[in-house]
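The amino acid sequence is not available; the structure is as follows:
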């Protein structure tokens, strides 16, 4: 481009006939360059099509070979069974099956992993588990790669395998939703995954950590709801539940959100309620119709400030309970939010440090004015997931990855989303006992990670798996509408939902600034009191946006009104995009 500009500048310094001649040569050169680029593009398309055909052929060949191998394995197994009787499988195969059920070297935590077979369809020849083959040499090679001792190589190791994996995932709805975990078997081969890296420990701080931990724990207890507040909350919930059961006797009523998962801060007068109705189509229109009808019923029942929003991403009706003063949001068939609440409650039951860390982080975010998703920041629900992911990544981990931990004692599918995980809390009691970090250490390392270690350009925070997740893997590399994907946090079950999608550029800058500020305070403070005072200092309110009013003509006023309508429409779309985070919070 610079060369073309220099050539054009030189043209203006020459006589007219020379300028015309050289202009023609310059245009011809540009046309030739464009034609060359188009030729390369077509050649690339041709090569891509040929590669796709070769991959499809290789997939078919592999499926046929897998079917033949399965038949041979069945024949060999029958012969071996006839010869061996009740002697059982060879020790090598038994050891292989045991190894394939654990991928501790892949996850870094030694957590048992699922060993499921993702079927491409009933009777598919491609869906064959090759679990009866064993080779000591191949097993040794697999161990060198950090995987389980198995003769099966990774399907992701070759271009043909990648196409086979994509073809298989596209043919299965639950698998297409991204519910593939490390240790899963695709075409009988283990799914390769890169383990999530353990963050480096932060530099030493100039603090008496025992005194700091003592004061932080005291602050966390002050932030927690009191027994009297819990009682008022329970009374409000029972009253609202009875009212909705009276209005819709065929439905079921669920409490979700922070009031239900035990991670709420005191003086929280909000209740999030789900009215579950069978036989209702899972569309926004049908839910919106019910919300409109419910709003009229609640207003007739004497509820205050009833406001129905039937066209939101998740239709909702808001009102105030007159007897208790609680603000209530009611949604219809918001089942994913109910399951999310149970997951967070189960995580909070495993280790008390999660609840204490969440209360402190929530309090910090509120004081620093960076906890409102509808203004380009993060919701309280998003901060809870950040805390869970932080405790999962400690070494040794404080919390397990429940969605990877077999057996799945909680099994449920909502729409196309698989919501299976291990909710056997009694069996998992004491999981994080090996980690002796205090709340003070966990809080300071939390701020240090987000200030200096997180890869904002590439990484996605996920609590459902112990592997590294990137924006490229999720397809969150470009902005789509009002979803920006600058600060990516994956929902545990609705895997297409980025909880940070409403964080705009200024909001991301503010979050990173606040994380750096928090770590700087932790690093340089010399006393616990100084650290707590400065860390939770109230951020100044942003200055009001004042637009000077000047005399305008009628035409200019009409143009301004049109522009303002466009701005209002865009703001409404952004608010609707952030609504789901608000309901979950």
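Here it is on my side, so go on. No experiment lies behind these values; they were computed from the predicted model shown.

alpha carbons only for contacts and neighbour counts from here, please
OK.

Can you list the low-confidence ranges for the stretch 301-450 of the chain?
Residue ranges of the stretch 301-450 of the chain with pLDDT under 70: none are present.

Residue 326 contacts residue 304, doesn't it?
No - using C-alpha atoms under 8 Å, residue 326 makes no contact with residue 304, being 10.4 Å away.

Which one's more surrounded, those two?
When residue 326 and residue 304 are compared for neighbours, residue 326 comes out ahead with 19 against 16, by other C-alpha atoms under 10 Å.

How about the more buried one, nearest residue that isn't a chain neighbour?
In space, and not counting its chain neighbours, residue 326 is closest to residue 269: 4.8 Å by C-alpha to C-alpha, 6 or more residues apart in numbering.

Could you pull up the residues touching that neighbour?
The neighbours of residue 269, taking C-alpha atoms under 8 Å, 6 or more residues apart in numbering as the test, are 233, 325-327.

nearest to residue 489, of those?
residue 327 (27.5 Å; C-alpha to C-alpha).

Who does the closest one form a beta bridge with?
In this entry, residue 327 is beta-bridged to residue 270, residue 320, by DSSP bridges.

anything in contact with each of residue 326 and residue 304?
Common contacts of residue 326 and residue 304 (C-alpha under 8 Å, 6+ apart): residue 320.

Can I get the contacts of residue 269 in CSV including distance to residue 367?
Converted to CSV, the contacts of residue 269 look like this (distance: C-alpha to C-alpha, whole Å):
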residue, distance to residue 367
233, 24
325, 24
326, 23
327, 22
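
Filter those residues down to the buried ones.
Buried members of the contacts of residue 269, counted by 16 or more other C-alpha atoms under 10 Å: 233, 326-327.

ranges for the strands of this protein?
117-118, 185-186, 189-190, 252-256, 270-276, 304-309, 316-320, 327-332, 413-414, 417-418, 459-460, 469-470 (DSSP state E).

For the last one, which helices and strands make contact with it?
Contact analysis of strand 469-470 by 3 or more C-alpha pairs under 8 Å, 6 or more residues apart in numbering; DSSP states H and E lists strand 459-460 as its packing neighbours.

What is the strand it packs on packed up against?
Strand 459-460 sits against strand 469-470, with contacts defined as 3+ C-alpha pairs under 8 Å, 6+ apart.

List of residues touching the strand it packs on?
196, 458-462.

Need the pLDDT of residue 195.
Residue 195 carries a pLDDT score of 76 in this model.

Quick check: bridge partners of it?
residue 467.

What's the local residue count around it?
For residue 195, using other C-alpha under 10 Å, the count is 18.

returning to what we had before: pipe the strands of the chain into JSON lines and attach distance to residue 450 per row.
Formatted as JSON lines, those follow (distance: least, C-alpha to C-alpha, whole Å):
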{"stretch": "strand 117-118", "distance to residue 450": "36"}
{"stretch": "strand 185-186", "distance to residue 450": "34"}
{"stretch": "strand 189-190", "distance to residue 450": "33"}
{"stretch": "strand 252-256", "distance to residue 450": "28"}
{"stretch": "strand 270-276", "distance to residue 450": "29"}
{"stretch": "strand 304-309", "distance to residue 450": "36"}
{"stretch": "strand 316-320", "distance to residue 450": "34"}
{"stretch": "strand 327-332", "distance to residue 450": "32"}
{"stretch": "strand 413-414", "distance to residue 450": "33"}
{"stretch": "strand 417-418", "distance to residue 450": "30"}
{"stretch": "strand 459-460", "distance to residue 450": "12"}
{"stretch": "strand 469-470", "distance to residue 450": "16"}
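
Point out the most buried one among the ones you listed.
For these, the largest average neighbour count (mean count of other C-alpha atoms under 10 Å) is found in strand 185-186, namely a mean of 25.

Residue 251 and residue 280 touch, don't they?
No - applying C-alpha under 8 Å, one finds residue 251 not in contact with residue 280, separated by 10.8 Å.

sorry, back to before: quick one, which of the strands of the chain is nearest to residue 401?
Of all the strands of the chain, strand 469-470 sits nearest to residue 401, with 14.2 Å by C-alpha to C-alpha.

all helices for the stretch 451-585 of the chain, in order.
All helices of the stretch 451-585 of the chain, identified by DSSP state H, counting those that start in this stretch, fall at 471-474, 505-524, 528-535, 554-584.

tell me the mean pLDDT over the longest one?
Helix 554-584 shows an average pLDDT of 67 in the prediction.

Surely residue 335 touches residue 413?
No - using C-alpha under 8 Å, residue 335 is not in contact with residue 413, being 10.0 Å away.

With neighbour numbers in mind, choose between residue 251 and residue 280.
residue 251 (16 against 12).

gap between that one and residue 433?
According to C-alpha to C-alpha, to the nearest Å, residue 251 stands 42 Å off from residue 433.

Let me see the confidence value for residue 2.
pLDDT for residue 2: 75.

Tell me which residues touch residue 447, please.
With contact set as C-alpha under 8 Å, 6+ apart, residue 447 has these partners: 515-516, 518-519.

Can you tell me how far it is from residue 217?
To residue 217, residue 447 is 17 Å away according to C-alpha to C-alpha.

Same check on residue 407?
From residue 407 to residue 217 the distance is 34 Å (C-alpha to C-alpha).

try residue 542
For residue 542, the distance to residue 217 - C-alpha to C-alpha - is 31 Å.

Between the two, tell me which one has more neighbours.
Taking other C-alpha under 10 Å, residue 542 and residue 217 do not tie; residue 217 has more neighbours (19 against 7).

residues contacting that one?
So residue 217 contacts 356, 439 (C-alpha under 8 Å, 6+ apart).

per-residue confidence for it?
So, for residue 217, pLDDT stands at 97.

which residues of the stretch 451-585 of the chain score low on pLDDT?
Checking the stretch 451-585 of the chain against pLDDT under 70 turns up 545-557, 559-560, 563, 567, 570-571, 573-574, 576-585.

repeat that with 90
478-484, 502, 541-585 (pLDDT under 90).

Just list the residues touching the closest residue to residue 539 other than its chain neighbours, thanks.
What sits nearest to residue 539 in space, not counting adjacent residues and going by C-alpha to C-alpha, 6+ apart, is residue 368, at 4.8 Å. When contacts are counted by C-alpha under 8 Å, 6+ apart, residue 368 touches 514, 536-539.

Then residue 329?
Listed by C-alpha under 8 Å, 6+ apart, the contact set of residue 329 reads 270-273, 316-319, 583.

again, 6 Å this time
Neighbour list for residue 329: 272, 317-318 [criterion: C-alpha atoms under 6 Å, 6 or more residues apart in numbering].

Of those residues, which is the nearest to residue 372?
Distances from residue 372 to those, taken by C-alpha to C-alpha, are shortest for residue 272, at 16.8 Å.

For that closest one, which non-adjacent residue is spatially closest?
residue 329 (5.0 Å).

Where does pLDDT dip in the stretch 151-300 of the chain?
Looking at the stretch 151-300 of the chain by pLDDT under 90, you get 151-201, 204-207, 267-269, 279-284.
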